[in-house]
Each structure stands twice: as structure tokens, then as C-alpha cells.
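1. let me see the structure of the following:
(one chain, ligands or ions: 1)
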Amino acid sequence: MIEVNGISKSFLVSKRPPGLAHAVKSLFRREYTVVEALQNISFTIGSGEIVGYIGPNGAGKSTTIKTMSGILVPDSGTCSIMGYTPWKDRVSYVKNIGVVFGQRSQLWWDVPVLDSFELLRDIYRIPPLEYRSTLALLVETLDLQALLHTPVRQLSLGQRMRCEIAASLLHSPSLLFLDEPTIGLDAVSKIAVRQFIKTINEEKGVTVILTTHDMNDIEALASRLLLIGKGKLLYDGTVQGLRSRYGSKSGAAEASQLQQASASTSEQGHSTGSLSIEDIVVQMYKEYAL
Ligand SMILES: Nc1ncnc2c1ncn2[C@@H]1O[C@H](COP(=O)(O)OP(=O)(O)OP(=O)(O)O)[C@@H](O)[C@H]1O
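-> Residues are numbered from 1 along each chain as shown. Got it, this is the predicted structure:
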């Protein structure tokens, strides 16, 4: 379903030391540094997978999601998703995908949630019957009934996130990008959102790419993990493979295993221990100096 091949993306960031003199100077001459957000990223994802995309702050996760959803154009590399090149075939491509950015809203702030949904229905030209049945399902499973007539700005973060997820699924996409969908949610809302993601994956076969800093999201949902650090893909394999490989509580074993990891992204190894995914990922971040 998804083939990402050698994607690289860099940004020019202007740098200015603090102080009035530098502010004035920068009006005439700006200095820039290059941030290599993605360096030669390649992976493939099959239909129906839930893939966790993890890495520390600034690793390149959102840049990857933005590239795969057609918002950003990479400097080099190719990306084919359901036969589309996201940034070239945007109009036809976006009908097939749903995107949720936990930190940004796709809902209209001042109007009731239902009005936003109806605007999306018109934008995506969803047939009335299909819209009604999808909406009914989303309202029931995400418990939205009491929120539909409330302006988005009056919703709590957790309530808004449930509405955001519904908005991203109104047009029944077969691929869903979730960029930190559980950020700021309470424990009950997190569990509800996770359960919902699982359900649409299992029952509707929706492929899900999930970026998160919450390793409980990963434990609950993803069977496969992509780990990115400083713009480079460092691990591509199953959660089980990661646990087998790094799960030992023995520090010496961990160190040597982690060194092997940088040389290879395969999943061989034997199960040794019982560290949580969070512990393992923290060790990996340390080992790679991320
Ligand atoms: N529009 C932009 N202009 C300049 N630099 C950018 C831009 N977007 C991202 N970057 C830089 O690219 C790098 C990767 O950023 P990105 O947002 O992809 O990281 P991330 O893994 O999603 O981080 P986080 O977990 O903090 O959300 C960072 O160094 C960031 O500062």
C-alpha cells in the first residue's frame, strides 16, 4: 500500500543571536543553517497494518507524516501510496486518507461540531446516505452525541480529539495518519481512542500510521515499529522483535545488542526479558544519543 523510497527533506532555518544590534543587522543580512529533517528514509507498509512511528522530539516524525499526506514536498526520494504520489496527486489522493494532528485542529473553531462535519461532508462530496450511516457509527463509538451542537472552542481537549478523529474518518478513508492522537487526553479518553483505532483497523481494515510519545499507545496498538532519530530510520521491525532483542535486564547484554542494532534493522534474536517497551525505547534513545 505504501512505498517510501529514499526520502530526504531539509529546512533552511534563520539564526540570529539575541540583542537589538543583531536584530537590526538581520534586517540586512540573515544567516541560515540547514536542518536535515529526513535523511534517506525508506520503508514499505502493507494494507491493514498498524505501524507505530516513534522517535524523540525533532526526530522527523511529523515531517514524514506531512510528506506522506502531501503537505510537504521532499527534496529527493519517491513515495507511492495506493498508486498516488501524495504531493503531486493531492486532490484525488486526499479522498483516500484521514489525518489527525493532535496539536492542530481541522475543525472550525467557532461553529458547532456538527456544522464542521457537514462542511467536511460537502468538501469530500460524501453521498448523504453514506454520510448518515458513517456519522451514526462514529457518534456511537466515540460517544459524541452530547458534543455535536457545541462550538469546538468550548470543548475540552479530550472531547475535541474524539471529534477530530471522527472528522478524519467521515469520508471512510482506507489510510489514517495519527500524529500524537492521545496527547493531553485523560486515561479514560486514551483507552477509548485506542479501542476505537483498534476497532476500525480490525473491522474496516483501515491502515494506521501512528506517531506518539506514549508507549502505552504502541503497546496497545502497534505490532510494528519504525524508530526515527535525527532524520534517520534506525529500526524497522515488530514490537516483539524489539522486545526479544533488547528486553534483557542485563546492562552488558543491552549495550552489545544495541550496537548491533545500529548496524542492522533486522529482527533476529531471542527473547530474554521483560522490560517494557518504554524502558527499551529509552535505552535505545540513550544508545543512539538521540
Ligand atoms: N517548517 C519548518 N521549518 C524549519 N524547520 C523545521 C520545520 N518543520 C520541522 N523542522 C525541523 O525539522 C526537524 C524535524 O521536525 P519534526 O517536526 O518532523 O520532528 P518530530 O519528530 O515530529 O518532533 P516532535 O516529537 O517534537 O513533534 C526539527 O529539527 C525541526 O526543527
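
2. immediately after the helix or strand bottoming out on mean pLDDT in the chain, which helix or strand?
-> Averaged element by element with mean pLDDT, DSSP states H and E, the chain has its least confident helix or strand at helix 251-263 (a mean of 45). On the C-terminal side of helix 251-263, the closest following helix or strand by DSSP states H and E is helix 277-287.

3. does the ligand sit close to that next one?
-> No: looking at helix 277-287 against the ligand by Cβ under 6 Å from any ligand atom, there are no contacts, and the closest approach is 11.9 Å. C-beta coordinates here come from the backbone N, C-alpha and C atoms, glycine included.

4. list the buried residues for that helix?
-> Taking 16 or more other Cβ atoms under 10 Å as the basis for neighbour counts, the residues of helix 277-287 that come out buried are Ile277, Ile280, Val281, Gln283, Met284, Tyr285, Glu287.

5. could you find the closest non-adjacent residue to the second one?
-> I take that to be Ile280. Using Cβ to Cβ, 6 or more residues apart in numbering and skipping the chain neighbours, the partner closest in space to Ile280 is Tyr246 (4.6 Å).

6. was I right to think the one you found contacts Ile277?
-> No: Tyr246 sits out of contact with Ile277 when judged by Cβ atoms under 8 Å, with a separation of 9.6 Å.

7. neighbours of the closest residue to Gln145 other than its chain neighbours, just the number please.
-> Once flanking residues are discounted, Gln145 sits nearest to Val139: 5.6 Å by Cβ to Cβ, 6+ apart. Neighbour count of Val139, defined by other Cβ atoms under 10 Å: 18.

8. helix or strand right after the helix or strand where Val139 lies?
-> Assigned by DSSP H and E, Val139 belongs to helix 128-141. Using DSSP H and E, the helix or strand that follows helix 128-141 in sequence is helix 157-169.

9. who in the stretch 151-290 of the chain is up against the ligand?
-> Of all the residues in the stretch 151-290 of the chain, none lies near the ligand, going by Cβ under 6 Å from any ligand atom.

10. what residue ranges in the stretch 151-290 of the chain score low on pLDDT?
-> Where the stretch 151-290 of the chain drops to pLDDT under 70, the residues are 247-274.

11. spit out the contact partners of Leu178.
-> Val100, Gly102, Ile165, Ile197, Val208, Ile209, Leu210, Thr211, Thr212 (Cβ atoms under 8 Å, 6 or more residues apart in numbering).

12. so where do the helices sit in the stretch 1-150 of the chain?
-> All helices of the stretch 1-150 of the chain, identified by DSSP state H, counting those that start in this stretch, fall at 20-28, 61-68, 90-93, 113-123, 128-141.

13. could you point out which of the ones you listed sits nearest the ligand?
-> Nearest to the ligand among these is helix 61-68; the distance by Cβ to the nearest ligand atom comes to 3.3 Å.

14. CA atoms of that closest one as PDB?
-> The C-alpha coordinates for helix 61-68 follow below in PDB (Å, rounded to 0.1, in the frame of the first residue of the first chain):
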ATOM      1  CA  LYS A  61       8.100  12.100  12.600                       C
ATOM      2  CA  SER A  62       5.800  15.000  11.700                       C
ATOM      3  CA  THR A  63       7.900  15.800   8.600                       C
ATOM      4  CA  THR A  64       7.400  12.300   7.400                       C
ATOM      5  CA  ILE A  65       3.600  12.400   8.100                       C
ATOM      6  CA  LYS A  66       3.400  15.700   6.300                       C
ATOM      7  CA  THR A  67       5.300  14.400   3.300                       C
ATOM      8  CA  MET A  68       3.200  11.200   3.200                       C
END
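
15. now check that helix, is it near the ligand?
-> Yes: for helix 61-68 and the ligand, the contact criterion (Cβ under 6 Å from any ligand atom) is met by Lys61, Ser62, Thr63.
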